[in-house]
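Chemist: Predicted structure and sequence below. I'll ask about it afterward.
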Amino acid sequence: MVYFWLNNPDNEQDRADFLKSLNKFMENSLYAKTKFIGEPAGTP
């Protein structure tokens, strides 16, 4: 399990760029067994 924190979590372009890069990495990884990307629950 790996956690990432974005410097600007409300910036949609930063989020989209990160997810695009992460998906590309996961698709090409020989070692990732599970390729699930989730977000934390919006709890206070």
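Modeler: Noted; the coordinates are in hand.
Chemist: Number of residues surrounding L22?
Modeler: Residues near L22, counting by other Cβ atoms under 10 Å, number 14. Every residue, glycine included, has its C-beta placed from N, CA and C.
Chemist: before we move on, what SS does D14 have?
Modeler: helix (DSSP: H, G, I helix; E, B strand; the rest coil).
Chemist: which ones are touching it?
Modeler: L6, N7, N8 (Cβ atoms under 8 Å, 6 or more residues apart in numbering).
Chemist: Skipping adjacent residues, who's closest to the first one in space?
Modeler: Put plainly, it is L6. Sequence neighbours aside, D14 is the residue nearest to L6 in space, at 5.8 Å (criterion: Cβ to Cβ, 6 or more residues apart in numbering).
Chemist: Just the buried ones out of the contacts of D14, please.
Modeler: Among those, none is buried by neighbour count (16 or more other Cβ atoms under 10 Å).
Chemist: closest to S29 among those residues?
Modeler: Each of these was checked against S29 using Cβ to Cβ; the closest is L6, at 20.7 Å.
Chemist: That closest one contacts R15, correct?
Modeler: Yes: contact criterion Cβ atoms under 8 Å: L6 and R15 qualify, at 6.4 Å.
Chemist: Now do the shared contacts for those two.
Modeler: By Cβ under 8 Å, 6+ apart, no residue touches both L6 and R15.
Chemist: and the residue nearest to L6, how far is that from T43?
Modeler: 22 Å (Cβ to Cβ, to the nearest Å).
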